[in-house]
Structure formats: structure tokens, C-alpha cells
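[1] Kindly generate the corresponding structure for this input.
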Amino acid sequence: MGIMKNELVKIARKTLPQGALEKTENAYRIARTKMISLRYGNPARGLRIIAVTGTNGKTTTACYINEILKEAGFKTALFTTAVIEIAGEEKINDLNATVPTVARLFSFFQTAQREGVEYVILEATSHALSQHKFDGVPIEAAVMTNLTQDHLDYHKTMEEYAEAKAKLFEKQPKYIVLNRDDKWFEYFNKFNASGEKMTYGVSPEAEARITHIKLYKKGTEASLLIDHQTHLELATNLPGEFNVLNMSAAVSLAYLLGIKLEDIQEGVANLETIPGRFERVDNKRGIDIIVDYAHTPDALEKLLKTTRRIAKGRLFLVFGACGDRDKTKRPIMGELAANLADRIFLTDEESYSENPDDIRAMIRQGIERTKKVHKMTEIADRKQAIYQALKSAVRGDTVLITGMGHEQYRIVNGKRIPWNDKTVVKEVLGIEKNK
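    Okay, here's the model as predicted:
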């Protein structure tokens with residue numbers, strides 16, 4: 001059945017004019033979502049669904065919201081790029097997709113409903129929104145993290161990318177939470193909530209204003225002033241100013257939902273780590289080894305700047321770029337790496353159907369523009385690149401390994417290969433997996 005559908009799609013894309021093709025595809029996707037929802041008994045009804053969208057920070061923001069709601073006594077379900085959780089049962093998301101197929105999504109809703117879940121927190125990607133995967137799903141709250149360059153292979157322009165994200169806010173959810181510091185704030189602020197809207201950020205105009213940040217090697221303290229009157233002191237295990245923004249987004253929503261301040265504080269503190277999100281790998285060599293999912297220019301820049309502020313010694317970066325995705329960001333990331341890291345180990349990530357040599361060459365263009373090619377060592381084999389970076393590091397140095405984060409496999413030349421950066425680091429260091 002799947003093969004027949006794929007063949008029909010290929011024929012349609014070859015024969016139909018672009019406008020007619022888009023209408024046909026949209027009509028099919030809308031009908032498909034309705035049919036699958038009916039098949040599962042419209043399981044999203046009765047669930048209080050919170051959707052987090054944006055380019056970066058969706059997973060972390062969703063995880064903060066989840067912990068706060070659990071601390072407040074609610075039964076929750078969570079679907080993110082990194083983890084899936086229903087009624088406290090958590091597992092790694094090994095689907096290699098932020099939002100699953102429509103059938104998998106409604107199956108998730110059905111299971112959540114059976115388990116007596118009250119709140120569902122999930123990520124809403126631009127792809128899923130433009131493909132009508134959330135049609136008919138009652139969104140109670142929509143949270144925006146930020147909008148920066150990504151997915152331009154699919155959306156073509158930032159304006160089209162924003163339009164796709166906007167489909168979430170067009171649903172007029174009861175609650176809307178927006179990043180006041182984001183460049184695209186005014187664009188998204190034109191959408192109204194059916195209930196309340198709140199903004200967060202360091203801007204004096206933010207309704208949940210970040211007034212103080214103190215970074216530590218293994219955590220962060222921050223102060224928020226909400227509605228010009230409520231002071232909230234927060235401590236999180238996750239480092240970085242960007243995580244303070246993610247935390248503030250979650251806190252803003254919790255405040256709108258009427259969650260007690262002490263439950264907000266405890267919930268934030270409860271989030272100890274997220275797989276592949278500034279995840280440290282313990283070792284006996286005195287090296288700070290961090291695995292992170294950063295795969296966009298904005299995310300990489302913020303990660304490198306944050307790490308630089310808390311690193312004692314040199315900062316090494318092992319990174320590449322994903323194939324069959326936005327090619328324009330590759331030289332930008334190369335330039336950022338050259339300017340912000342002390343040493344770069346340029347390597348392969350997931351090439352999909354693309355030639356990995358071409359991917360590295362595009363990244364290298366950005367590195368060459370900075371005149372800092374001397375910082376770079378190019379090693380196509382990712383395991384060897386990690387090995388060389390760790391071999392070169394000494395006590396006090398930091399090694400960042402980015403791009404894949406929590407992923408459990410890589411797609412290279414169309415083949416799915418088991419892979420996890422943290423596991424590979426442990427193998428390289430000779431650390432037993434179950435230590």
C-alpha cells in the first residue's frame with residue numbers, strides 16, 4: 001500500500017501544475033488527518049494540549065512545562081524530539097522525527113487518554129503544521145521559543161517559514177506565550193489568544209521579565225519579574241542563557257495556567273538533564289565532554305558562547321551538518337565555529353542521500369572566510385573525529401560534540417546505521433556503558 005501511494009505521489013508531482021499539486025496534497029492531508037482521528041476515536045478531545053513551536057529550544061521548553069505540571073499534581077504526556085513520556089513512563093525518542101506520522105500521533109493521544117492524562121505537551125514543527133498533522137487537534141496553549149534560520153530547503157524563505165509556524169497561532173488557542181526578545185516577535189504578536197497572552201524575555205517590555213542571570217558550570221540561577229509585581233527566584237540544572245529563555249517560556253505558561261509559584265520553582269529544579277541537550281559525559285580525565293543537538297546557526301552560536309563563558313581551558317568542537325537539508329546554513333555554521341572555538345574537528349553527521357564530501361566542503365567555505373583554517377582538522381569518520389578531539393584535549397579543556405544529540409542512529413547513503421554520540425564517546429574513552 002505504501003509503495004503504491006509513493007508511486008502515485010511521484011506521478012502526480014510530475015504531471016500536475018504546482019498550484020494544483022499543492023491543493024491536491026493539502027486536500028489529501030486534511031482528509032487523512034480527519035480519517036485517522038476518527039479511526040482512533042478522536043482521542044485528542046478531552047486532553048489539554050500544549051504545543052511548543054519555534055526553531056530552537058522546543059524540547060527543553062516542553063520538558064520544563066512537563067516537570068512543572070507534574071510537580072503541581074497533574075498527570076501528563078510528553079512528545080519531544082528527544083523523549084516520549086506517558087504518565088511518568090519515559091523512553092528515548094528513536095523515531096528520528098520531532099512529530100511522528102499522523103497515525104503514530106493519534107495513537108499517542110489514545111494511549112494518553114487511556115492512562116488518564118490531563119495535559120499533553122508536544123512540539124509543533126513547521127513541517128507538521130504545514131502538512132496539517134494538527135488539524136482538528138484542540139490546542140489549549142501555544143508557546144513560541146524563537147525563529148531563526150532553518151528548514152529553508154523546505155520553506156524557501158524565512159517569511160514562508162514564519163507562515164508555517166503561524167498556523168499554530170491561527171487556531172486562537174486559549175493561551176499564547178511569545179518571546180519578546182525574538183526578531184519575529186511583532187509578526188507573531190498579531191495573533192490573538194481566546195484567553196490570555198504573555199510575553200517573556202530580558203526586554204523591559206516583557207511581562208515575564210528576566211532581571212538576573214548567574215551562570216555556573218552545571219546550572220543557572222535566574223530571577224523573573226512577572227506582571228511588574230511577582231518576583232520569582234529560579235534555579236535550574238541546565239546551563240546557559242538560552243536555557244533561561246526556555247525556562248521563562250515554561251514559567252510564563254505555568255503562571256497563566258494558575259500553577260502555584262512554589263510548584264513552578266520545584267518543577268524547574270526537577271529537570272535534571274535532557275538526552276542530547278548539553279549532556280555531559282563523565283570521565284576520569286578531567287575533560288568536560290558535552291553532547292548537544294545544536295544543528296542550526298543560532299543554536300550553535302549560543303552553545304559556543306555559553307560554553308566559552310563556563311569553560312576553564314580550550315574549547316574544542318566536533319561538528320558537521322545534515323544532508324538533504326538547508327544548505328545555506330552550512331558555511332554560516334563553519335564561520336561561527338572558526339570564530340568561537342579554539343579547535344575544530346570537521347566531520348560527517350547524517351548525509352542521507354547527499355555526498356558527505358560536498359557537505360563538508362560547504363562548511364569549510366565558511367571556515368576559510370575567517371582565515372582561521374589552521375584551527376580545523378577534517379576527519380570524515382565521525383568516530384575517528386571524536387577520538388582525535390578527545391586525544392588532543394587535556395585536563396580543563398572542553399570538547400563539544402554537536403548535531404546529533406540524543407539520536408540513536410544515523411542515515412548515511414540511505415541506510416539506517418545504529419549510532420549515539422554519547423555511547424561512542426564512552427567507547428572511545430573505554431568507559432563501560434553501564435557504569
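[2] Show me the shaky parts of the stretch 301-435 of the chain.
    Residues of the stretch 301-435 of the chain meeting the criterion pLDDT under 70: 431-435.
[3] typo on my end, the stretch 1-150 of the chain
    Low-confidence segments of the stretch 1-150 of the chain (pLDDT under 70): 1-21, 97-99.
[4] Okay, buried residues for stretch 311-322 please.
    311, 315-322 (16 or more other C-beta atoms under 10 Å). C-beta coordinates here come from the backbone N, C-alpha and C atoms, glycine included.
[5] same thing with stretch 367-378?
    For stretch 367-378, burial by neighbour count (16+ other C-beta under 10 Å) applies to 367, 375-378.
[6] Mark which of the residues you listed are part of strands, please.
    If you go by DSSP state E, those have 376-378 in strands.
[7] got CSV for those residues, with distance to residue 235 too?
    Compiled in CSV, those are given as follows (distance: C-beta to C-beta, whole Å):
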residue, distance to residue 235
376, 38
377, 38
378, 41
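[8] now the helices for the stretch 251-400 of the chain?
    261-270, 297-310, 329-340, 356-369, 382-392 (DSSP state H, counting those that start in this stretch).
[9] Sorry, slip of the keys, the one I care about is the stretch 1-150 of the chain.
    Going by DSSP H, counting those that start in this stretch, the stretch 1-150 of the chain shows helices at 2-15, 18-39, 58-71, 102-114, 126-130.
[10] Take those and write them to a markdown table, including distance to residue 251.
    Shown next, in a markdown table, are these (distance: least, C-beta to C-beta, whole Å):
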| stretch | distance to residue 251 |
| --- | --- |
| helix 2-15 | 43 |
| helix 18-39 | 32 |
| helix 58-71 | 8 |
| helix 102-114 | 24 |
| helix 126-130 | 25 |
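[11] Mean neighbour count, those helices: which tops it?
    Among the helices of the stretch 1-150 of the chain, ranked by average contacts under mean count of other C-beta atoms under 10 Å, first place goes to helix 58-71 (a mean of 26).
[12] Remind me what that helix packs against, helices and strands.
    If you count contacts as 3 or more C-beta pairs under 8 Å, 6 or more residues apart in numbering; DSSP states H and E, helix 58-71 packs onto strand 48-53, strand 76-79, strand 83-86, strand 119-123, helix 241-256, helix 261-270.
[13] is it possible to export these to TSV including distance to residue 299 and mean neighbour count?
    Rendered in TSV, the data for the helices and strands packed on helix 58-71 read as follows (distance: least, C-beta to C-beta, whole Å; neighbours: other C-beta atoms under 10 Å):
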stretch	distance to residue 299	mean neighbour count
strand 48-53	15	24
strand 76-79	20	25
strand 83-86	18	20
strand 119-123	15	24
helix 241-256	8	26
helix 261-270	21	18
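[14] how about the ones you listed in CSV, adding distance to residue 282?
    Compiled in CSV, the helices and strands packed on helix 58-71 are given as follows (distance: least, C-beta to C-beta, whole Å):
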stretch, distance to residue 282
strand 48-53, 30
strand 76-79, 26
strand 83-86, 20
strand 119-123, 29
helix 241-256, 20
helix 261-270, 21
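[15] returning to what we had before: which of the buried residues of stretch 311-322 sits closest to residue 183?
    residue 321 (23.0 Å; C-beta to C-beta).
[16] Tell me the spacing between the closest one and residue 298.
    14 Å (C-beta to C-beta, to the nearest Å).
[17] Same check on residue 59?
    15 Å.
[18] Please apply the same query to residue 389.
    23 Å.
[19] repeat for residue 245
    Here residue 245 is placed at a distance of 12 Å from residue 298 (C-beta to C-beta).
[20] Over to residue 268?
    23 Å.
[21] quick one on the thing from earlier: what's the overlap in contacts for residue 245 and residue 298?
    residue 146 (C-beta atoms under 8 Å, 6 or more residues apart in numbering).
[22] for the strand or helix carrying residue 213, packing partners?
    Assigned by DSSP states H and E, residue 213 belongs to strand 208-216. When contacts are defined as 3+ C-beta pairs under 8 Å, 6+ apart, strand 208-216 packs onto strand 196-201, strand 219-226, helix 241-256, helix 297-310.
[23] residues of the second one that come out buried?
    What it means is strand 219-226. Buried residues in strand 219-226, defined by neighbour count with 16+ other C-beta under 10 Å: 219-220, 222, 224-226.
[24] any idea of the angle that strand forms with helix 297-310?
    Angle between the axes of strand 219-226 and helix 297-310 is 120 degrees (criterion: axes from the mean of the first three to the mean of the last three C-alpha atoms, to 10 degrees).
[25] Quick check: can you name the pairing partners of strand 219-226 and their directions?
    Sheet pairing for strand 219-226, assigned by DSSP bridges, gives strand 208-216 (antiparallel), strand 230-236 (antiparallel).
[26] how far does the longest one sit from the chain's center?
    What that stands for is strand 208-216. How far strand 208-216 lies from its chain's middle: 22 Å, per C-alpha atoms, centre = their mean, to the nearest Å.
[27] Dump that strand to CSV, restricted to CA.
    Taking C-alpha atoms only, strand 208-216 is exported to CSV below (Å, rounded to 0.1, in the frame of the first residue of the first chain):
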residue,chain,number,x,y,z
ALA,A,208,7.7,37.9,32.5
ARG,A,209,11.0,39.8,32.6
ILE,A,210,14.3,38.2,33.2
THR,A,211,16.0,40.5,35.7
HIS,A,212,19.1,38.5,36.7
ILE,A,213,21.1,35.6,35.4
LYS,A,214,24.0,33.8,37.0
LEU,A,215,25.8,31.0,35.1
TYR,A,216,27.5,28.1,36.7
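[28] what mean pLDDT does that strand have?
    Computed over strand 208-216, the mean pLDDT rounds to 96.
[29] Please work out which residues outside it touch it.
    Residues contacting strand 208-216 (C-beta under 8 Å, 6+ apart): 198-203, 220-227, 239-241, 244-245, 248, 251-252, 255, 306, 309-310.
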